[in-house]
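1. just to be clear, the model below is a prediction. Sequence and coordinates:
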Amino acid sequence: MKLILKISLVFLLLIPNCSFGEVDQEPIISSTKYYASFTGIVSSYLDYAPRGEISIKTAANIAHYKVGYDKNGRILEISFFKGKIPSNDSYYRTHMVKCRYAKNKEIRTYFDKTGSKSNMWRHYYEGGNVHQEEFVLDDKGNKIELTFKDSLYSAVGNGTGTFLYKWKKIDYRSVIQEHYDKDGNATVYRNFFPFKIVRITTDENGYSKYVSNIDSNNKIIFSKERGFATLEVFFDDYGNENGWGYLDEKGNLVNLNTPEEFGTALWMFTEKYRDIKLGTVESRSEKYYDKNKKRLANNGGVYEVRYTLDEYANLKTISYYNLDGQKQNDTTSRFHRAELIYNDLKERVKVLKYDTENKLIED
C-alpha cells in the first residue's frame, strides 16, 4: 500500500501543471455578507468559518470579512478589510481567498490587496509557499485529500515538508489525518506536534476541540518527545477561543517537559469584548498554569501578558506582569510594555518599547 502511495504521489509531482478538473473560473456571486471575525481551526480539513454577521454600515468602521456566495450557498470569495481599507492582515495572512468548485474537487487560491498572487499562512502548515490548496472530496462532499501549488502552479510542500494530506472521516465530529512528503514518507502534523497520525475532533458546535496523537488502530498514544498526547482547545458558544491545554493519553492535564514550555499545562485567555457575539475584542489577558492549575511564570518571569486592540483588530499595546501582578521586563523580549503605531492605511509603522520604569528602550 505504501509503495502504491509513493508511486502515485511521485507521478502527481512530475506533472506540476496538470489540470485539476473542470472548474468554473468566473462563477457568479449571488449574495454578499459581512462578518466581524473568524473562528479558529486546527486543520485544513475544517472549513473556514467567518462569523458575527454585521451590516455593511457597521463594516465600514471595524475590521471585517466580506464574503461572496454562489447560488448554492458555497463561499466563492473571502476578503479582509480594516474599515474601508483592503488589508493583508487576515486570518490566512493575505487579503483574499477565492474558492472554486468542480465535481469532487475544491480549490482555494490566495491574493494580496493589490490583486497579485500571494501565499497564505496558517500555524498548522508552519509556512511554505502555499498559493493554492487543492482538495479532493468524496461523494458526500467530505475532504479526503489535499495537495498544494505555489504561485507558478507547481506542486509544493508546506513548512513541515508535507505534499499530501489524507483524511478518513470517523463520525460527524472526528476525522483521522495523515501527512506525506513528496516521496510518500509520513510527515508530522506540526514540528511542535510530531504526530504522524492525528485524530481531529470538534465539539458539539463544530469548533476545534482535540488534536490527538494516535496509532494505526486509532488509539491515543503519549509522545515522549513532547510530553503529551492530546491538545485540547477551549471555545465558548460563540466561537471565541479561550485557551488550550495539554493532556496525557488518559485525558489528564500534563506539564510539558521541554525547556521552552517551562512546565506549562494550560494557556488561558480572558477577554474584554466590544461585542462577545461578534468576537470583537478590546483587550485580552493571557495566563499560564501547571497541571494542578497552579499559576506559573514562563522562562522570562512572566505570568500574565496583557494585550489591547483597536476597532480594526490592530494590536495597540502588549505588557508583561509577574506572579505578584507587578510590572515585569520579559527576559526574552527585554521590555515590559510595547506600543504599536499605525499609519492611515492601518499598517504598522513603528513599535515603541518601554521598561518597568517607563523608560524608552532604544533598539
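-> Arrived safely.

2. in the stretch 201-350 of the chain, mark out all the strands, start to finish.
-> 208-213, 230-235, 241-247, 266-275, 280-289, 304-309, 315-321, 337-342, 348-354 (DSSP state E, counting those that start in this stretch).

3. to K224, which of those lies closest?
-> Counting by CB to CB, K224 lies closest to strand 208-213 out of the strands of the stretch 201-350 of the chain; the figure is 10.6 Å. No exception for glycine: its C-beta is placed from N, CA and C like everyone else's.

4. listing partners with orientation, what would you give for that closest one?
-> Sheet pairing of strand 208-213 (DSSP bridges) gives strand 197-202 (antiparallel), strand 230-235 (antiparallel).

5. could you give the angle of that strand to strand 241-247?
-> 20 degrees (axes from the mean of the first three to the mean of the last three CA atoms, to 10 degrees).

6. how about residues contacting strand 208-213?
-> Contacts with strand 208-213, where a contact means CB atoms under 8 Å, 6 or more residues apart in numbering, come from 40-43, 46, 173, 189, 193, 195, 197-203, 220-223, 229-233, 235.

7. let's test this: mean pLDDT of stretch 78-92, rounded?
-> Across stretch 78-92, pLDDT averages out at 97.

8. what's near enough to touch L315?
-> Contacts of L315 were listed using CB under 8 Å, 6+ apart, and they are 307-309, 340.

9. and the gap between it and P259?
-> Remark: distance between L315 and P259 (CB to CB, to the nearest Å) = 27 Å.

10. could you do F195 as well?
-> Applying CB to CB to F195 and P259 gives a distance of 21 Å.

11. ok, back up a step: from the contacts of strand 208-213, which would you call buried?
-> 40-43, 46, 189, 193, 195, 197-202, 220, 222-223, 229-233, 235 (16 or more other CB atoms under 10 Å).

12. which ones are touching R334?
-> 353, 361.

13. try 7 Å
-> By CB atoms under 7 Å, 6 or more residues apart in numbering, the contact list for R334 reads I361.

14. now the one 3 residues further on
-> With contacts taken as CB under 7 Å, 6+ apart, R337 has the following neighbours: 317, 319, 354.

15. how about the residues you listed in CSV, adding neighbour count, pLDDT and distance to N299?
-> Converted to CSV, those look like this (neighbours: other CB atoms under 10 Å; pLDDT from 0 to 100; distance: CB to CB, whole Å):
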residue, neighbour count, pLDDT, distance to N299
T317, 15, 98, 22
S319, 20, 98, 18
Y354, 18, 97, 21
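
16. what strand or helix carries I78?
-> Following DSSP states H and E, one finds I78 within strand 75-82.

17. packing partners for the following helix or strand past that strand?
-> Per DSSP H and E, the first helix or strand lying C-terminal to strand 75-82 is strand 85-86. Of the remaining helices and strands, none touches strand 85-86 by 3 or more CB pairs under 7 Å, 6 or more residues apart in numbering; DSSP states H and E.

18. sheet partners, orientation included, of strand 85-86?
-> Partners of strand 85-86 in its sheet, by DSSP bridges: strand 75-82 (antiparallel).

19. dump the strand it pairs with to CSV, restricted to CA.
-> Provided in CSV are the C-alpha atoms of strand 75-82 (Å, rounded to 0.1, in the frame of the first residue of the first chain):
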residue,chain,number,x,y,z
ILE,A,75,-18.3,30.5,-0.4
LEU,A,76,-16.7,31.9,-3.6
GLU,A,77,-14.6,34.7,-2.1
ILE,A,78,-13.5,36.0,1.3
SER,A,79,-11.7,39.3,1.5
PHE,A,80,-10.4,41.2,4.6
PHE,A,81,-10.7,44.9,5.3
LYS,A,82,-9.9,47.4,8.1
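
20. now do it: distance to the chain's middle.
-> Mean-position distance between strand 75-82 and its chain equals 16 Å (CA atoms, centre = their mean, to the nearest Å).

21. ok, residues contacting that strand?
-> By CB under 7 Å, 6+ apart, strand 75-82 touches 27, 29, 48, 50, 63-70, 86-87, 89-90, 95-99, 312, 346.

22. just those: which are in strands?
-> 50, 63-69, 86, 96-99 (DSSP state E).

23. any idea which of these is closest to E362?
-> Looking across these and measuring by CB to CB, the closest to E362 is A63, at 31.6 Å.
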